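A.B. asks: Show me how the following folds:
(chains A, B, C and D)
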There are 2 protein chains.
Amino acid sequence: MGDVRWLSAEEQRVWRNYMAATRMVESCLERQLQRDSGMPTTYYEIMVSLSEAPDRTLRMSQLADRSRFSRSRLSHAVARMEQEGWVRRTECPSDKRGAFAVLTEKGFAALADAAHGHVEQVRTLLFDVLSGEQIEQLGEICATVRKAGPDPYGPGLGV
Amino acid sequence: MGDVRWLSAEEQRVWRNYMAATRMVESCLERQLQRDSGMPTTYYEIMVSLSEAPDRTLRMSQLADRSRFSRSRLSHAVARMEQEGWVRRTECPSDKRGAFAVLTEKGFAALADAAHGHVEQVRTLLFDVLSGEQIEQLGEICATVRKAGPDPYGPGLGV
DNA sequence: TAAAGATGGTTGAGCTTTCAACTAGTAGGA
DNA sequence: TCCTACTAGTTGAAAGCTCAACCATCTTTA
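C.D. replies: Numbers count the residues shown, from 1 in each chain, chains lettered A, B, ... in the order given. Predicted coordinates:
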């Protein structure tokens, strides 16, 4: 642990604003979704992934990769969502270890319903307050950070 | 129903990059800190706030405001940190409902030790991959988003 | 073809977070 | 004074996440 490259005053200012802003956005979204639709953002994102897949169906492992969740986390979440009737599991005929997760009609309806408030919140918190130029800059910055990061940044994320 | 302002394709692209990037940064930091120093980022931030306060001491409510945690969350966290010997609670003489949280020597040492790897990680994930211009842009963007957010988050206390 | 290893997915324990309820102390009147 | 309303902080239960261990199945290889 030799010489540490500490943050400059300016970097520190940026970093604290970054933390405050991203946490604020995240927690507002979480709160809104939980309050208005009774689901955590986790479940929302899982259902978004499923809704975009052919037949609204994905293998558990693919679903884990797309949503960037650990397999364990996904497994727990899907179990819970199954109780709500939003998702259903089916066996995979070609690989008997495998399992499909399928978005039910009820799940799709819950997602469609939740989407309204969620998107509105995203707009209110982010897109409405930034200029077009800033939005473009933010997209570029995030793409860069994302690409530079460790490839599968979580455990159990095969790809 | 029909009057939802959905995201444009371009906005959607930015949003997904934003989510992926911020999640990646957050989860990498969490993992690194937990692995190398045996503490969640939550505790790290609480200790940072305390370390910057006079006498390394703050009222619970002030500490909650600065770290933007709910009182409940802070209360649980401090209880846990007390077990580790990182923090100690003392009574407030002027208001008998109140409580002070004090960062112990052991806590300060743990924080100082953890800081090395943490800062290095922040650099690696964010500052090293962005240009000076981008860093400036990011700071501006985050400050804007932060200020525009709902009250308890907006005007940050921790600078 | 049998053993060894890799993969898909689940499970349970332990920890953190949230939410609502609760205790105890303070402040402002009438 | 007493009554009400408010604030500081804690608590317990329920839920989610992480980690490591685990079973079952598939694949490789000798």
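
A.B. asks: Every contact and neighbour count from this point should use C-alpha atoms.
C.D. replies: OK.

A.B. asks: Spell out which residues of chain A are next to DNA strand C.
C.D. replies: A:27, A:31, A:34-35, A:59-62, A:71-76, A:79, A:97-100, A:158 (CA under 7 Å from any atom of the strand).

A.B. asks: Any of those residues buried? List them.
C.D. replies: Among the residues of chain A next to DNA strand C, those scoring as buried are A:R59, A:M60, A:S61, A:Q62, A:R71, A:L74, A:A99, A:F100 (criterion: 16 or more other CA atoms under 10 Å in any protein chain shown).

A.B. asks: Sort out for me which of the residues you listed are in helices.
C.D. replies: Among these, DSSP state H puts A:M60, A:S61, A:Q62, A:R71, A:L74 in helices.

A.B. asks: out of the residues you listed, which touch DNA strand D?
C.D. replies: Filtered for proximity to DNA strand D (CA under 7 Å from any atom of the strand), those shrink to A:L74.

A.B. asks: any idea which element A:T22 lies in?
C.D. replies: If you go by DSSP states H and E, A:T22 is part of helix A:9-37.

A.B. asks: The helix or strand following that helix near chain B anywhere?
C.D. replies: Heading C-terminal from helix A:9-37, the first helix or strand you meet, by DSSP H and E, is helix A:41-52. No: judged by CA under 8 Å from any CA of the partner chain, helix A:41-52 stays clear of chain B, getting no closer than 10.8 Å.

A.B. asks: Determine the set of other helices and strands touching helix A:41-52.
C.D. replies: With contacts taken as 3 or more CA pairs under 8 Å, 6 or more residues apart in numbering or on different chains; DSSP states H and E, helix A:41-52 sits against helix A:9-37, strand A:57-59, helix A:60-67, strand A:99-103, helix A:105-122.

A.B. asks: gap between A:L103 and A:I46?
C.D. replies: 9 Å (CA to CA, to the nearest Å).

A.B. asks: contacting residues for A:V14?
C.D. replies: B:I135, B:E136, B:L138, B:G139, B:E140, B:C142 (CA atoms under 8 Å, 6 or more residues apart in numbering or on different chains).

A.B. asks: Narrow these to those in helices?
C.D. replies: Among the contacts of A:V14, the residues falling in helices (DSSP H) are B:I135, B:E136, B:L138, B:G139, B:E140, B:C142.
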